[in-house]
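Q: Need coordinates for the following:
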Amino acid sequence: MASKTIYMKHYPWLKNPYKRIIKQHQIKKTHHAFLIKTVRGLGVFTLVWNISTWLLCNEINGIESCKKCHSCQLMSSGNHPDWHQYMKNRNEIITIDHIREINEKIFKYPQQGKNKIIFLSNIQKLTESAKNALLKTLEEPPKNTWFFLIDYRNIIINSTLHSRCLIYRLFPPQEKNSLNWLKNQNLLNKTFNVISLRINQGSPISAKKFINNGLWEERKNLFVFFLRSIKNYNLLKILPILSMNNTLLKIDWICLLLFDAIQIYFNIKKQLINFDQLELIQFFSHNYNYFTLNQSIQTWTKCRYRLSNIPGINNELLLLEQLLKWEKILGFIV
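A: The predicted structure is shown next:
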């Protein structure tokens with residue numbers, strides 16, 4: 001773990017959440033388990049890391065950690081024995097064995113003599129047995145042990161788990177503030193920035209990656225092929241570009257465009273996501289009613305679910321089936 005990531009300054013939108021959480025610790029009116037409900041791309045890892053550094057620091061300075069004591073140096077190097085992070089990548093699953101490992105650690109005295117931190121970066125990755133085991137741990141946690149759990153889907157997967165945590169909602173910043181931040185990152189095309197933010201649920205970090213990592217160009221190319229295939233009443237023309245890479249993202253982009261068409265259908269134009277694709281949006285809103293557009297989104301959502309949840313499925317065959325089904329829904333074929 002690189003220290004440059006660890007001691008990165010707070011993103012502007014994280015300063016107030018950081019202060020609020022630290023203040024609760026200072027007045028000893030906090031909870032042993034924080035469940036943070038948020039979306040990706042807000043830097044929640046940075047928030048948790050800096051709070052944890054403060055909790056473990058031996059020479060805290062108000063609401064800031066000193067960054068100089070032995071504990072801070074251990075955090076900086078990524079080797080603090082009382083900091084325990086699980087799920088270091090998105091695909092990792094947390095099993096009951098991981099919870100047993102957590103229990104072994106938290107019921108020991110802190111090696112640095114202060115606090116212990118448990119960080120679970122996505123509660124959706126907990127197996128059912130792991131959830132049940134975690135509940136018992138959260139019910140009677142040992143002293144000076146702090147849990148930070150992240151929920152990116154913002155749904156109640158276990159009401160008992162929610163009842164044993166303090167729920168903290170971390171929202172994206174206002175769009176104008178995010179646009180200012182993106183501008184300061186030398187991303188100066190406002191149209192790109194607004195659309196990228198809206199595609200990424202208002203997350204500035206995700207919007208920046210979207211533009212810099214080539215996804216903007218992929219989206220642009222997809223819609224060029226899409227418009228061409230619509231005009232020819234032949235959706236199969238988009239199969240090659242759809243199946244090439246980032247298929248799930250491309251399905252999301254199609255669904256968001258259809259959602260824009262529904263907004264136009266109901267004459268709601270203020271918050272369009274893909275306002276650079278008006279020709280496509282108007283084709284759908286002028287030629288199809290709400291029910292057809294909603295059915296289209298539902299079939300694409302089902303297709304996406306199957307692609308992401310059925311191991312070994314033939315992606316291209318499933319996409320071909322979906323495109324043929326969609327042609328029938330849209331009346332391209334009888």
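Q: Wait, a helix at Trp146?
A: No - per DSSP: H, G, I helix; E, B strand; the rest coil, Trp146 lies outside any helix segment and is strand.
Q: Which residue ranges of the stretch 101-250 of the chain form strands?
A: Counting by DSSP state E, counting those that start in this stretch, residue ranges of the strands within the stretch 101-250 of the chain are 116-120, 145-151, 166-169.
Q: residue nearest the centroid of the chain?
A: Arg40 (2.3 Å; C-alpha atoms, centre = their mean).
Q: Quick check: buried residues in stretch 101-111?
A: 102-103, 105-106, 110 (16 or more other C-beta atoms under 10 Å). In short, each C-beta sits where N, CA and C put it, glycine included.
Q: for stretch 148-166, same thing?
A: So for stretch 148-166, counting by 16+ other C-beta under 10 Å, buried means 148-152, 161, 164-165.
Q: quick one: low-confidence parts of the stretch 201-334 of the chain?
A: 334 (pLDDT under 70).
Q: where along it do the helices fall?
A: Secondary structure of the stretch 201-334 of the chain (DSSP state H, counting those that start in this stretch): helices at 204-212, 215-231, 239-244, 247-265, 278-287, 290-309, 315-329.
Q: deepest of those, which one?
A: Among the helices of the stretch 201-334 of the chain, helix 204-212 has the highest mean neighbour count (mean count of other C-beta atoms under 10 Å), at a mean of 21.
Q: Report the angle between that one and helix 215-231.
A: Between helix 204-212 and helix 215-231, the angle comes out at 70 degrees (axes from the mean of the first three to the mean of the last three C-alpha atoms, to 10 degrees).
Q: returning to what we had before: can you name the two of the buried residues of stretch 148-166 that are farthest apart?
A: Pairwise distances across the buried residues of stretch 148-166 (C-beta to C-beta) peak at 19.4 Å, for the pair Tyr152 and Arg164.
Q: circling back: distance to Gln201 added to the strands of the stretch 101-250 of the chain, as JSON lines?
A: Formatted as JSON lines, the strands of the stretch 101-250 of the chain follow (distance: least, C-beta to C-beta, whole Å):
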{"stretch": "strand 116-120", "distance to Gln201": "22"}
{"stretch": "strand 145-151", "distance to Gln201": "14"}
{"stretch": "strand 166-169", "distance to Gln201": "14"}
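Q: now, which of the buried residues of stretch 101-111 sits nearest Asn267?
A: Nearest to Asn267, judged by C-beta to C-beta, of those is Ile102 at 52.6 Å.
Q: domains for the protein, by residue range?
A: 3-169, 214-329 (automatic domain parsing).
Q: quick one: the longest one to chain centroid distance?
A: Put plainly, it is domain 3-169. 17 Å (C-alpha atoms, centre = their mean, to the nearest Å).
Q: how about a markdown table for the helices of the stretch 201-334 of the chain, with distance to Val48 added?
A: Conversion of the helices of the stretch 201-334 of the chain to a markdown table gives the following (distance: least, C-beta to C-beta, whole Å):
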| stretch | distance to Val48 |
| --- | --- |
| helix 204-212 | 15 |
| helix 215-231 | 26 |
| helix 239-244 | 36 |
| helix 247-265 | 26 |
| helix 278-287 | 39 |
| helix 290-309 | 26 |
| helix 315-329 | 35 |
